[in-house]
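Asker: Fold the following for me, if possible:
(one chain, ligands or ions: 1)
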Amino acid sequence: MKIRKTLYGLLACVSILFILYALVNNYLIDPGAKGFISQKTGLKRELHLPVWLNVMYVHVAFACIAMASGLLNFSNRIFEKSRKFHRFNGYVYLVSVLIVVVTSGYMAPYATGGKISSMGFNLLNIIWPVITITALVQIKKKRITRHRNWMIRSYAFCFTNLLIHLITSLFHHGFDLVYATSYTIGIYGSIVLLLIIPEVIIRKIAQS
Ligand code: HEM
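Answerer: Residues are numbered from 1 along each chain as shown. Now for the predicted structure:
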């Protein structure tokens, strides 16, 4: 029980801080994504900036909703108070994930780092909904532990952007690699980590 509370506290801190960072950075500090766009070199398709930006705003908004609704649904206290809310909020999470994936589908062909980066994002566009829908299927079959474990796997992908930027910074600033290459490494590195980290957490919870 103690490990669950500690994990939840940690998750809540990281999620809330990242939601605030994503909102402030993308809607207030750099709403034109100038810093990010300036790293896009040698694009094969012409990028229609106003459309891309509007899609990015929707993407970030629903990514934040997914993070917040997922976080609330991992709370035992809220679950015990109202299962109705857990169910409703679960569908909010599912719809948000689907909107993040659809908007990602629009942005993927223009990804920083070119075709290899686009392929990484398209892989994410398949993995994340499949894992999330598996979580839904499990609860429809009344398999609670499996549902929880698949939701842990799904929620991990809410940290895709955070992890991509952490890995990108490490390779770009730490190892002096060009930004686009570091970004591509960031995408594939985060896919691997986002598949491994939940398994470690699921094991820790099972042991406790
Ligand atoms: C859930 C948390 C997420 C947040 C807060 C988020 C936020 C963002 C932001 C702010 C951008 C603009 C560029 C940047 O600053 O990186 C972006 C770009 C993008 N995101 Fe997300 N994102 C999230 C998850 C995802 C997931 C899970 C996918 C894939 C399924 C995805 C796919 C994309 C794509 C394809 C781009 C365009 C990248 C590029 O132009 O190089 N994002 N995201």
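Asker: buried residues in the longest helix seen in the chain?
Answerer: Using DSSP state H to define each element, the chain has its longest helix at helix 179-207. Across helix 179-207, burial judged by 16 or more other CB atoms under 10 Å covers 179-191, 193-194, 198, 201-202. For the C-beta atoms, the positions are set from N, CA and C on the backbone; glycine is no exception.
Asker: likewise stretch 85-104?
Answerer: Using 16+ other CB under 10 Å as the test for burial, stretch 85-104 gives 86, 89-90, 92-94, 96-101, 103-104.
Asker: cool, and stretch 45-57?
Answerer: If you call a residue buried by 16+ other CB under 10 Å, then stretch 45-57 has these buried ones: 52, 55-56.
Asker: low-scoring pLDDT stretches of the protein, where are they?
Answerer: In the predicted model, the chain carries pLDDT under 70 at residues 1.
Asker: How about the residues of this protein by the ligand?
Answerer: 22, 26, 33, 36, 56, 59-60, 63, 66-67, 100-101, 104, 107-108, 110-112, 121, 124-125, 128, 157-158, 160-161 (CB under 6 Å from any ligand atom).
Asker: Report the central residue of the protein.
Answerer: Residue closest to the average C-alpha location in the chain (CA atoms, centre = their mean): Cys158, at 2.3 Å.
Asker: so where does the spatially closest residue to that residue that is not a sequence neighbour fall, helix or strand?
Answerer: Nearest residue to Cys158, sequence neighbours excluded (CB to CB, 6 or more residues apart in numbering): Met67, at 4.6 Å. Here Met67 is covered by helix 49-73, with elements defined by DSSP states H and E.
Asker: Mind listing residues that contact that helix?
Answerer: When contacts are taken as CB atoms under 8 Å, 6 or more residues apart in numbering, the neighbours of helix 49-73 outside the stretch itself are 11-12, 15-16, 18-19, 22-23, 26-27, 31-33, 37, 78-79, 86, 89-90, 92-93, 96-97, 99-100, 103-104, 106-107, 110, 151, 154-155, 158, 161.
Asker: Show only the entries of the residues you listed found in strands.
Answerer: Helix and strand membership here follows DSSP state E; of the contacts of helix 49-73, not one is in strands.
Asker: what's near enough to touch the closest residue in space to Thr41 that isn't next to it in sequence?
Answerer: For Thr41, the nearest residue in space outside its immediate sequence neighbours is Ala180; the separation is 6.6 Å by CB to CB, 6+ apart. If a contact means CB under 8 Å, 6+ apart, then Ala180 has 39-41, 112-114, 117 as its contacts.
Asker: okay, these in a markdown table with secondary structure next?
Answerer: A markdown table is the format used below for the contacts of Ala180 (DSSP: H, G, I helix; E, B strand; the rest coil):
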| residue | secondary structure |
| --- | --- |
| Gln39 | coil |
| Lys40 | coil |
| Thr41 | coil |
| Thr112 | coil |
| Gly113 | coil |
| Gly114 | coil |
| Ser117 | helix |
